[in-house]
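**Student:** Provided below are the primary sequence and the corresponding predicted coordinates.
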Amino acid sequence: MSTRTPTRTAPETPLHDCRRAYAATLTDIARADERLVIVTNDSIGSSNLGGFHEELPSRLINVGIAEQNQVGVAAGLENGGKIPVVSCAGSFLSARATEQIKIDAAYSHRHMLLCAQSPGLAYGPLGSTHHSAEDVSIMRSIPEMTVIVPADPAETAGAVRWAYSELDGPAYIRISRMKVPALHGEDYVFTPRATVLRGGGEGGAGGEGGEGADLTIIANGVTVHRAVDAADRLAAEGVRARLLSVPVVKPLDEDAVLAAARETGRIITVEEGTVKGGLGGAVAELVTERCPVPVRRIGVPDEWAPTGSEAWLMDHWGISADGIIAAARELVAGPAA
């Protein structure tokens, strides 16, 4: 577990599309390593891979709208010595191609990156047919699958490099198109461990120790900057919140989560996805068995999405700074473990 203190996100803070960092990173890797090949499903534009295709046209294979075939082709390329990157909308990659991911990628132990474009609620008014709220839950259930949900462009680029160079099996990586602020500086180095963004201890909102914190907020992906805002606002109210950014949902940084449970006695999880089996599920499963404490899971409930923009949907389900603050106030008012 590492400690880092990003600045608070102000309304005028520039926002970034993580797909650009994703595409730039793949291009950079491919220039140096001829094994990298991208397999798309008629999604060059939506994956922001136009520049890659222009520079390295022979290294990108477009199979058309055929996601099951897409994963199978990628697995075959890996068997032939390539390191394939599957670039596909998260809703179709995680649901339509589940069997191919399970058997051709994970069971066959293929080193391949399954990159889910526009995941979670990013398709907004297109509705539940296009949302991938359950993708993290599905991928968590597959043996040998690493599951990563980056929070900003630097973490996205770092996750892609790490999965490409350090893993020898499959990884499922969310590539968000919901614009987010930069939480990490140019010196950021990706780690699969949880990172303390707010300690909540003697040092205030940015304190590193976290001793005496009232609760821990655990977040990933596009919810992290919302959690930073919530932690800072809670600190102004006198509520000391430790904030853990957990980009790798599987394997979970169990030491960091258990330390949070022991030391703060209350946990809130926040994710852009279903609370059943995702980040919240992983945390609840762990602490229930090893260190029982009150856990509040914020995310998509067990219901279909109403029609609305991605921002409206996040607010509708309390996946927001206000939602986190409300949950924290309620938890702190009750007993800790």
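**Tutor:** It's in.

**Student:** for I173, which residues count as its bridge partners?
**Tutor:** Under the criterion DSSP bridges, I173 forms beta bridges with C115, I148.

**Student:** quick one: secondary structure of I61?
**Tutor:** Under DSSP: H, G, I helix; E, B strand; the rest coil, the three-state class of I61 is strand.

**Student:** hmm, I was thinking of T307
**Tutor:** coil.

**Student:** give me the pLDDT for the nearest residue to Y123 once chain neighbours are set aside.
**Tutor:** Residue nearest to Y123 in three dimensions, not counting chain neighbours: H130, with 3.8 Å by Cβ to Cβ, 6 or more residues apart in numbering. C-betas here are computed from N, CA, C, even on glycine. Predicted confidence (pLDDT) for H130: 91.

**Student:** what ranges in the stretch 151-300 of the chain fall below the confidence cut-off?
**Tutor:** For the stretch 151-300 of the chain, applying pLDDT under 70 flags the ranges 200-211.

**Student:** P292 versus G323, what's the distance?
**Tutor:** According to Cβ to Cβ, to the nearest Å, G323 and P292 sit 24 Å apart.

**Student:** from R161, how far out is R35?
**Tutor:** Using Cβ to Cβ, R35 is found at 14 Å from R161.

**Student:** same check, this time on T191
**Tutor:** Remark: distance between T191 and R161 (Cβ to Cβ) = 12 Å.

**Student:** repeat for V300
**Tutor:** Using Cβ to Cβ, we find V300 at a distance of 29 Å from R161.

**Student:** could you chop the protein up by domain?
**Tutor:** Annotated domains of the chain cover 18-175, 191-332 [automatic domain parsing].

**Student:** V300 and R161: which is more packed in?
**Tutor:** Neighbours were counted for V300 and for R161 using other Cβ atoms under 10 Å; V300 has more, 25 against 16.

**Student:** check contacts around the more buried one.
**Tutor:** Applying Cβ atoms under 8 Å, 6 or more residues apart in numbering to V300 gives the contacts 121, 133, 272-275, 317, 319.

**Student:** please enumerate the helices of the protein.
**Tutor:** Using DSSP state H, the helices assigned to the chain run over residues 18-32, 50-55, 67-79, 90-96, 98-100, 135-140, 153-166, 224-236, 254-264, 279-290, 310-316, 321-333.

**Student:** still on that earlier bit, more crowded one of G323 and P292?
**Tutor:** A count of neighbours by other Cβ under 10 Å puts G323 above the other of G323 and P292, at 20 against 11.

**Student:** G90 contacts A116, correct?
**Tutor:** Yes. Assessed by Cβ atoms under 8 Å, G90 is found in contact with A116 at 3.3 Å.

**Student:** ok, these two, which is more surrounded?
**Tutor:** Between G90 and A116, counting by other Cβ under 10 Å, G90 is the more crowded of the two (30 against 27).

**Student:** I218 is nearest to which of the helices of the chain?
**Tutor:** Among the helices of the chain, helix 279-290 comes nearest to I218, with 5.8 Å by Cβ to Cβ.

**Student:** need the contact partners of that closest one.
**Tutor:** 136-137, 140, 149, 218-220, 246, 249-250, 252, 254, 257-258, 261, 267, 269-271, 273, 275, 293, 295, 297-299.

**Student:** V249 and I173, how far apart?
**Tutor:** Taken as Cβ to Cβ, the span from V249 to I173 is 11 Å.
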